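*Asks:* pasting the sequence and the predicted model now:
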Amino acid sequence: MTELIKLIHNTVNQLFDFNFQDSQIQFQQTRKEFEGDITLVVFPLVKVAKKSPEETGKVIGEGVVKSIEEIESFNVIKGFLNLKFTDTFWKKKFSIQIQNPNWGIENPNSSNRTILVEYSSPNTNKPLHLGHLRNNFLGYSVAEILKANGHDVKKVQVINDRGIHICKSMVAWQLFGNGETPENTGLKGDKLIGNYYVKFDKEYKNEIANLIEEGLTEDEAKKQAPLMQNAQQMLVKWEQGDGETVDLWKKMNSWVYSGFDVTYKTMGVDFDKLYYESETFLLGKNIVQKGLDENFFFKKEDGSIWIDLKNDGLDEKLLLRSDGTAVYMTQDIGTAVLRKQDFPAMDQLIYTVGNEQDYHFKVLFKILEKLGYDFAQNCFHLSYGMVDLPSGKMKSREGTVVDADDLMEDMFSTAQATSEELGKLEDASEEEKQTLYKNVGLAALKYFILKVDPKKRMLFNPEESVDFNGNTGPFIQYTYARIQALKRRKGNYDLKGFEGFYLELEERELIKKIEQFPDIVKEAGAGYSPAIIANYIYDLVKIYNQFYQSIQIFGTEKEDLRIALSHKCGEVIKSGMKLLGIDVPERM
RNA sequence: GGACCUGUAGCUUAACUGGAUAGAGCACCGCACUACGGAUGCGGAGGUUCGGGGUUCGAAUCCCUGCAGGUUCACCA
C-alpha cells in the first residue's frame, strides 16, 4: 500500500508542478457507502491547484487512473477523491497474506529494543479482586502487543510483601487464628490471609469505639488501640530481623503466593521475573543516600530526606522518613535501578498501575532522570481508570469487593449454561467441555474489559452478567469455530488459477480488512492499547459474517478461494485474540 | 483550593489523531435459511457529541470558559 501511496504522491506533484509535503497528501479509508478502496482528501491541495475541490479531485483522479495501472477508476464527492484498485491488485495482496501464517506479527526481538512491562504488583494481605483483573489483563496484553511489534519484552512485577498491611494480618492471625492453615481449613491461602486482614479491621474498630467510650479522642484512640500498637511493633521487629517474626511472615506470605499462583493460572497470565519489595527497599535507601551526597536531594532538620521538584512544576517529595525507614518511593527507585542492572539492554520500563498514582509516577520518572538514568525518559506509566461498582468504590476492608476467583467462576458457569442450552457439544468429553467453558467464560470477561480504552474508568455491575452476543469475546470465538468447521469439511485447498476470478464485494472487503492488520498491530503498540486490537477483530469478524451469510462457499467454482479466505481470516482472528490473551476454540 | 483525568443514543462504546450524513453492540420493533454451525445476517427507531464562546474551507477532536463526576496534592501504600 505504501508504494502505491508514493506513486500517487508523485503523480500529484507532477500534475501541479509542486512539491507537496507528506502531511498535505492525506489518505483515509473510503466510507463504505461510496465505491473505492482509498480516499484522498483534496482540501489541502486546492490552494496550489487554484481550482475548486471537485475540479481538483477530478484532475487528480484522471491523472492517477492514466498513469498508475493498479488504479482502475475514481469518483469525487465534495472534496474527497475515492480511488478504486483493480482486482489484480487485491488478488496479489491476498496471495502475499496467505503465504505468511504470521501475518502482521513481527519476528521476535527484531526491533532490538528491550522493554520491561510491570503489571499486577499486588499487596500480600488480601486476595486479588476485579481491579487487579483489569490490571493483569491490560498488562499482559500490552506485553504481547509489544512482542508482536518485534520488541524483546520481559513481564515483571514487584510484590509488596512487607509493610504495615501484612503485619495487620499477622497480628490478627496470631491472636484469633487458632492455628488455622490453608490445609486444615481448605481455604485458598490468599483468602485465609484476607479474612484476617478484615478481622483485624473489625476488632480494631471495636477497640477504638471502646477507648472513645472511656474518654479518649478519636485520634488518641486510633493511636493507642492495642491492636495497632501490636502491628507497629511487629513491623519494627521485622525490620530488625527478629527470627520468630520473620518466620511467621514467610509462612503467611507463602500461603498467599500459593493462592495467587492459582488465580494467575486461571487468568492465564505469567511473568518472566518477580521482584519483592523486601529485597529492593534497601537498595532504594542506598541510592537515596547517594543522591543526598551528590546534592540532588536535601535533608531537613529532623533528618528526613526530600527532593525539591518545584522548578519542574511539582512539589517537594519525601524520599526517606526521619527515622530512616523507607517509603513507597524509596523502594520504587531501588526496584527501577535493580531492573536496569538485571536487564542492561532495557530501553523502556512500562508500569501498569491505576490512575490514582499518576502523580507518583511523574515524580518517580523525574527523580530517575535527575539521577542520570537514560531509560527514565522512556519510562511510561500505563495508567488506567478505576473499576467501580454501582455502589461506588470497592473497599477490601469493608468487604465490598468483587473477588477475582469468584467472578471468573461465575463467567465459567454462564458459559456452561449457554453452551448446554445450545447443545452442540454432546460428543465431547467432560474434560473437553470444562476446558471450553473456561475458555469461553474467560474470553467474555477479558474482551469486556479490554475493549474499553484503558484511560476510562469503568462501571461493573455484577448483577448484570457480561454479554455473550454482539461485540463480545464469545461472538468472535464463535466465528472462529465456524471457520474451523468449514476447514474440517474441506481439507486442503488449492489456489491454482485463482488469478482469473472476479472478486465479489464481500471478498474484496475481507482482503482489504486483512491488509490492515499489520498497521493495527503497530498502532496498538504505539498507543499501548489492546482496545485497538479488540475493535479491529470485531470489525473483521463482522465483515466475515457478512461474507459468510451472503455467499455460498461449497459447490461453487470459487470454493477453494473462499475456503482460503476463511482460513486466512481465522488466522488473523487467532493472532489478534492471542494479543489480548484470549484463546480461540476449534469448536464450541 | 492547586494539579491531572473523564463526559458521545436508555446502557456499553467507536470515530484513522482536524475531514464526508458521528459508526457499532445490548435492550426494543420488524424481517431473512431448499448452502456450509442461527452464539448468524438484514432493516427500523433512538444524538444539541455536558453547556457557552473562539480558531478555519471543515471541530466529538485544538484553544478559552462554565458545569458534572473521579483522582491526587501525607513521615499511607
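*Replies:* Done, it's in. Residues are numbered from 1 along each chain as shown, chains lettered A, B, ... in the order given.

*Asks:* up against RNA strand B, what does the stretch 1-150 of chain A have?
*Replies:* Contacts of the stretch 1-150 of chain A with RNA strand B, taken as CB under 7 Å from any atom of the strand, map to A:26, A:28-31, A:33-34, A:36, A:39, A:41, A:43-44, A:77-80, A:82, A:123. Quick note: C-beta positions are derived from backbone N, CA and C, even for glycine.

*Asks:* show me which of these are buried.
*Replies:* By neighbour count, with 16 or more other CB atoms under 10 Å, those hold A:30, A:36, A:39, A:41, A:77, A:79-80, A:82, A:123 as buried.

*Asks:* tell me the two of the residues you listed that are most distant?
*Replies:* Pairwise distances across these (CB to CB) peak at 57.8 Å, for the pair A:77 and A:123.

*Asks:* residue boundaries of the strands in the stretch 451-588 of chain A?
*Replies:* Secondary structure of the stretch 451-588 of chain A (DSSP state E, counting those that start in this stretch): strands located at A:458-459.

*Asks:* point me to the residue of it nearest RNA strand B.
*Replies:* Closest to RNA strand B within the stretch 451-588 of chain A is residue A:470: 1.9 Å, counting by CB to the nearest atom of the strand.

*Asks:* what about the strands in chain A?
*Replies:* Counting by DSSP state E, one finds strands in chain A at the ranges A:26-28, A:38-41, A:71-77, A:80-85, A:114-118, A:152-159, A:273-276, A:298-299, A:305-308, A:316-320, A:346-354, A:380-384, A:387-388, A:458-459.

*Asks:* which of those strands sits most buried?
*Replies:* For these, average neighbour numbers computed from mean count of other CB atoms under 10 Å are highest in strand A:114-118, which has a mean of 24.

*Asks:* average model confidence for it?
*Replies:* Computed over strand A:114-118, the mean pLDDT rounds to 97.

*Asks:* what's the angle between that strand and strand A:346-354?
*Replies:* Strand A:114-118 and strand A:346-354 are oriented at 20 degrees to each other (axes from the mean of the first three to the mean of the last three CA atoms, to 10 degrees).

*Asks:* can you give me the domain assignment for chain A?
*Replies:* Domains of chain A are assigned by automatic domain parsing as A:2-85, A:163-266, A:278-341, A:404-579.

*Asks:* dump those to a markdown table, plus mean pLDDT and distance to residue A:118.
*Replies:* Below are those laid out as a markdown table (pLDDT from 0 to 100; distance: least, CB to CB, whole Å):
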| stretch | mean pLDDT | distance to residue A:118 |
| --- | --- | --- |
| domain A:2-85 | 93 | 35 |
| domain A:163-266 | 92 | 15 |
| domain A:278-341 | 90 | 8 |
| domain A:404-579 | 92 | 13 |
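
*Asks:* can I get those domains in a markdown table with distance to residue A:357?
*Replies:* Formatted as a markdown table, the domains of chain A follow (distance: least, CB to CB, whole Å):
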| stretch | distance to residue A:357 |
| --- | --- |
| domain A:2-85 | 36 |
| domain A:163-266 | 16 |
| domain A:278-341 | 9 |
| domain A:404-579 | 14 |
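
*Asks:* my guess is residue A:533 meets residue A:145, correct?
*Replies:* Yes: the criterion here is CB atoms under 8 Å, and residue A:533 meets it with residue A:145 at 6.7 Å.

*Asks:* what sits in contact with each of the two?
*Replies:* A:521, A:524, A:579 (CB atoms under 8 Å, 6 or more residues apart in numbering).

*Asks:* residue A:460: neighbour count?
*Replies:* Other residues within reach of residue A:460, judged by other CB atoms under 10 Å, total 19.

*Asks:* how much space between the nearest residue to it once chain neighbours are set aside and RNA strand B?
*Replies:* Computed as CB to CB, 6 or more residues apart in numbering, the closest residue to residue A:460 that is not its neighbour in sequence is residue A:387, at 5.4 Å. Counting by CB to the nearest atom of the strand, to the nearest Å, the gap from residue A:387 to RNA strand B is 10 Å.

*Asks:* quick one: which of the domains of chain A is nearest residue A:133?
*Replies:* Ranked by CB to CB, the member of the domains of chain A that lies closest to residue A:133 is domain A:404-579, at 5.3 Å.

*Asks:* before we move on, the earlier item: what about the shared contacts of residue A:533 and residue A:145, which are in helices?
*Replies:* Within those, residues falling in helices by DSSP state H are A:521, A:524, A:579.

*Asks:* which residue, other than its chain neighbours, is closest to residue A:31?
*Replies:* For residue A:31, ignoring the flanking residues on the chain, the nearest one in space by CB to CB, 6+ apart is residue A:39 at 7.7 Å.

*Asks:* what sits against the closest residue to residue A:547 other than its chain neighbours?
*Replies:* The shortest distance from residue A:547 to any non-neighbouring residue, by CB to CB, 6+ apart, is to residue A:506 (4.0 Å). By CB under 8 Å, 6+ apart, the contact set of residue A:506 is A:543, A:546-547, A:550-551.

*Asks:* residue A:310: neighbour count?
*Replies:* Other residues within reach of residue A:310, judged by other CB under 10 Å, total 8.

*Asks:* stretch A:343-351 close to RNA strand B?
*Replies:* No: using CB under 7 Å from any atom of the strand, stretch A:343-351 stays clear of RNA strand B, coming no nearer than 12.5 Å.

*Asks:* ok, and what's touching that stretch?
*Replies:* So stretch A:343-351 is in contact with A:113-118, A:142, A:152, A:154, A:336, A:339-340, A:361, A:375, A:378-382, A:528, going by CB under 8 Å, 6+ apart.

*Asks:* now swap in stretch A:447-465 and tell me
*Replies:* Contacts of stretch A:447-465 with the rest of the structure, by CB under 8 Å, 6+ apart, involve A:130, A:133-134, A:137-138, A:141, A:355, A:382-390, A:402, A:407, A:410, A:414, A:466-467, A:471-473, A:476, A:528-531, A:534-535, A:538, A:580, A:582.

*Asks:* just the ones of those residues in helices?
*Replies:* Going by DSSP H, the helices hold A:130, A:133-134, A:137-138, A:141, A:407, A:410, A:414, A:473, A:476, A:530-531, A:534-535, A:538 from the contacts of stretch A:447-465.

*Asks:* nearest residue to the middle of chain A?
*Replies:* Ranked by distance to the mean C-alpha position of chain A (CA atoms, centre = their mean), the top residue is residue A:138 at 2.3 Å.

*Asks:* re earlier: which one (most neighbours) among the contacts of residue A:506?
*Replies:* Comparing those by number of neighbours (other CB under 10 Å), residue A:547 comes first, having 21 neighbours.

*Asks:* wait, that one sits on residue A:561?
*Replies:* No: counting by CB under 8 Å, residue A:547 does not reach residue A:561; the two are 11.8 Å apart.
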